[in-house]
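Novice: Mind looking at a prediction? Sequence and model below.
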Amino acid sequence: MSVVDAQALLRGSRIIPVYTPGSVDEAVAVAQALLRGGIDAIEVTLRTPVALDAIAAVAAQVPGMKVGAGTVLDAAQMRQVQRAGASFAVSPGSSPQLLAAARDESMAYLPGVATGSEVMAAMAAGFDLLKLFPAQAINALALLAAWRGPFAQVRFCPTGGIDAARAAEYLRQPNVACLGGSWLTPADALAQGDWERVETLAREAAALSIV
Ligand SMILES: O=C(O)C(=O)C[C@H](O)[C@H](O)COP(=O)(O)O
């Protein structure tokens, strides 16, 4: 069992939509729309009862989409998402148990960090692609600049309060590998089944990341 290289898995996937699934069918339609728009990774949060089934359905039915699990809060959930077919897992924070579970399950994992000590705990466990959360609330652009020196080998995936208008500046930071955000799957578009809107938002986001 070993640490899986999340940077390699997500290379080229610079924007990762954070999506909370309303149903399995909705999740498949959202993943297909994102892929049509040029976005090939998605973080499906474990915030609704259908989430594990949604992850399994996207993994099985949407080839080309890298499906990750978000809001992974404990080791039991790490095992569940691995069995559901997620190819990566993301947490809003981290714990020694989660870091060990990701290693035990050979799951590509982005632990959440907001402080230097948390970065160091993740690095010591062998992880080098870290979710920087909640980005806007912790002044993540300033943190990213300050951490470039001491944590030169670490790459970050800032998430939290980022939208289309803010994404480009984050993507320009040399230690930002990717970023996450829920703006590509707005609640009203999901309620209306407006997959074209999701596709358009994805296309606009994909264009931002080609810089
Ligand atoms: O559920 C998790 O694992 C989280 O860490 C939280 C999500 O990443 C944010 O809720 C997305 O942030 P927004 O783009 O501001 O909506």
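Specialist: On my side now, so go ahead. Numbers count the residues shown, from 1 in each chain.
Novice: near the ligand, which residues of this structure?
Specialist: 18, 45, 70-71, 90, 92, 133, 159-162, 180-182 (CB under 6 Å from any ligand atom). Where you see a C-beta, it was placed from the backbone N, CA and C, and this is true even at glycine.
Novice: and with 8 Å instead?
Specialist: Applying CB under 8 Å from any ligand atom, one finds that the chain approaches the ligand through 18, 20, 43, 45-47, 70-72, 90-92, 112, 131, 133-136, 159-163, 180-183.
Novice: Take those residues and keep only those in strands.
Specialist: Counted as lying in strands by DSSP state E, out of the residues of the chain next to the ligand, are Val18, Glu43, Thr45, Gly70, Val90, Gly112, Lys131, Gly180, Gly181.
Novice: Could you list the alpha-carbon positions for whichever helix or strand Arg166 is part of in CSV?
Specialist: Here Arg166, judged by DSSP states H and E, is contained in helix 164-172. The C-alpha trace of helix 164-172 is given here as CSV (Å, rounded to 0.1, in the frame of the first residue of the first chain):
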residue,chain,number,x,y,z
ALA,A,164,-15.1,32.3,-12.8
ALA,A,165,-14.0,35.8,-12.1
ARG,A,166,-11.4,34.8,-9.6
ALA,A,167,-10.2,31.5,-11.2
ALA,A,168,-7.6,33.0,-13.6
GLU,A,169,-5.5,34.7,-10.9
TYR,A,170,-5.4,31.5,-8.9
LEU,A,171,-4.3,29.5,-11.9
ARG,A,172,-1.5,31.9,-12.6
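Novice: ok, Gln80 - contacts?
Specialist: Shown in contact with Gln80 (CB atoms under 8 Å, 6 or more residues apart in numbering): Leu52.
Novice: buried sites along the one helix or strand it maps to?
Specialist: Taking DSSP H and E as the definition, Gln80 sits inside helix 75-84. Using 16 or more other CB atoms under 10 Å as the test for burial, helix 75-84 gives Ala75, Gln77, Met78, Gln80, Val81, Gln82, Ala84.
Novice: Closest one to the ligand out of the residues you listed, please.
Specialist: Closest approach between these and the ligand, by CB to the nearest ligand atom: Gln77, at 10.8 Å.
Novice: Please give me every residue in contact with that closest one.
Specialist: Taking CB under 8 Å, 6+ apart, one finds Leu46, Ala69 in contact with Gln77.
Novice: One more: Ala59?
Specialist: Val67, Ala84, Gly85, Ala86, Ser87.
Novice: which non-adjacent residue is nearest Phe151?
Specialist: Val119 (5.5 Å; CB to CB, 6 or more residues apart in numbering).
Novice: now Pro92
Specialist: Nearest residue to Pro92 in three dimensions, chain neighbours excluded: Gly112, at 4.6 Å (CB to CB, 6+ apart).
Novice: Alright, that wraps it up for me.
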